[in-house]
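>>> next comes the sequence, and after it the predicted model I'd like to discuss.
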Protein chains: 2
Amino acid sequence: MAHASKQHWVGCPVRYAAGVFGDKWSFILLRDMLLHGKRYYGDFLASEEKISTNILADRLAKMVETGMFTRHIDPEKRSKVFYLPTAKARGLLPAFLAMMVWSTEYDEATEAPESFAKAFRDDPKASIHWYEQQIDRVNAGLPA
Amino acid sequence: MAHASKQHWVGCPVRYAAGVFGDKWSFILLRDMLLHGKRYYGDFLASEEKISTNILADRLAKMVETGMFTRHIDPEKRSKVFYLPTAKARGLLPAFLAMMVWSTEYDEATEAPESFAKAFRDDPKASIHWYEQQIDRVNAGLPA
DNA sequence: CTCCATACTTGCAAAACGCAAGTGAATGGT
DNA sequence: ACCATTCACTTGCGTTTTGCAAGTATGGAG
């Protein structure tokens, strides 16, 4: 059977994921990076959840450590810093979008339109590809 | 376009999810409930991550509050308590499995066999259905 | 050289966590 | 009926993490 020996190993992927982004602020940063096109320190700081600067610095550093983001100095204005998502971070898109569909189902106060969940359910791969392209588009507008 | 007006609303589903299970111990409890067939307080306590009893009690209560688990007294031994996953918790399976596939890709030390990721990638719906059935099977073995 | 913007650091109080011990209800054995 | 045990939490307390406010370091404009 394809799913044999199910019991023990499944724990670890969950624990690994929890270790990399298993806290509220990491969720928010990943959202801002993957879905909101935020790249600069100042962009992340300006999110409506009002993250404080020490936590932001800490989480950004952790994201870099865990290979989710890379850190870059803006060559056009060297006092500014931006971050880019790695393939590892982008690889979370399917899970993230699935999670968001779940939220739209169970959060009575969701602000997401039904069209989002419908699009993902109808054709997850197309939906994921669309978000990938958005990420590429944002990145293309940044300094080399 | 199906994905129009993308910017603002996507934030909220992520924040909602973070609020419900956005911490390490909630990840672990959901794993144990959805994938390891654990139902009793003592089962969760015995996980290899060594959760302490106050945190376990706190998280279980929160899961009940947020409608993820329901709490039941074992009629056959009324000093024992078990929890059952609601449809809301079960609805997280697709996101959880997608997340686990991601972990198997990026965690060098993953213990998950490649067959797991392959099965999910080949046919996600079938894979999800298989885990749903496992959940039903476990639940069927519990007192009414 | 001064001023401003930007990206962090630092200090400190408050909250969350984690360990160990304690409590109370339900069983089980005699 | 009595007592020890199991089970599911609670409580206390020291440690760690968080969050707010203020400070610092570097870069760039004038």
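Right, received. Where do you want to start?
>>> can you give me the helices in chain A?
Secondary structure of chain A (DSSP state H): helices located at A:11-21, A:24-34, A:41-45, A:53-65, A:87-90, A:93-106, A:114-122, A:124-140.
>>> what would the ones you listed look like in JSON lines with distance to B:Ile128, mean neighbour count and mean pLDDT?
In short, each C-beta sits where N, CA and C put it, glycine included. Shown next, in JSON lines, are those (distance: least, CB to CB, whole Å; neighbours: other CB atoms under 10 Å in any protein chain shown; pLDDT from 0 to 100):
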{"stretch": "helix A:11-21", "distance to B:Ile128": "16", "mean neighbour count": "22", "mean pLDDT": "90"}
{"stretch": "helix A:24-34", "distance to B:Ile128": "22", "mean neighbour count": "22", "mean pLDDT": "97"}
{"stretch": "helix A:41-45", "distance to B:Ile128": "33", "mean neighbour count": "16", "mean pLDDT": "97"}
{"stretch": "helix A:53-65", "distance to B:Ile128": "29", "mean neighbour count": "15", "mean pLDDT": "98"}
{"stretch": "helix A:87-90", "distance to B:Ile128": "23", "mean neighbour count": "18", "mean pLDDT": "98"}
{"stretch": "helix A:93-106", "distance to B:Ile128": "10", "mean neighbour count": "23", "mean pLDDT": "96"}
{"stretch": "helix A:114-122", "distance to B:Ile128": "12", "mean neighbour count": "16", "mean pLDDT": "94"}
{"stretch": "helix A:124-140", "distance to B:Ile128": "12", "mean neighbour count": "14", "mean pLDDT": "96"}
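>>> could I get those as a markdown table with distance to B:Leu97?
Formatted as a markdown table, those follow (distance: least, CB to CB, whole Å):
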| stretch | distance to B:Leu97 |
| --- | --- |
| helix A:11-21 | 9 |
| helix A:24-34 | 18 |
| helix A:41-45 | 29 |
| helix A:53-65 | 24 |
| helix A:87-90 | 18 |
| helix A:93-106 | 8 |
| helix A:114-122 | 15 |
| helix A:124-140 | 13 |
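>>> please convert these to TSV, extending it with distance to DNA strand D.
Formatted as TSV, these follow (distance: least, CB to the nearest atom of the strand, whole Å):
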stretch	distance to DNA strand D
helix A:11-21	12
helix A:24-34	6
helix A:41-45	11
helix A:53-65	4
helix A:87-90	19
helix A:93-106	20
helix A:114-122	28
helix A:124-140	21
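>>> list just the one of those that sits closest to B:Thr86.
Nearest to B:Thr86 among those is helix A:93-106 (9.5 Å), distances taken as CB to CB.
>>> mind listing residues that contact stretch A:102-111?
A:112, A:114, A:116-117, B:8-9, B:12-14, B:16-17, B:67, B:88, B:91-92, B:94-95 (CB atoms under 8 Å, 6 or more residues apart in numbering or on different chains).
>>> all good on my end, thank you.
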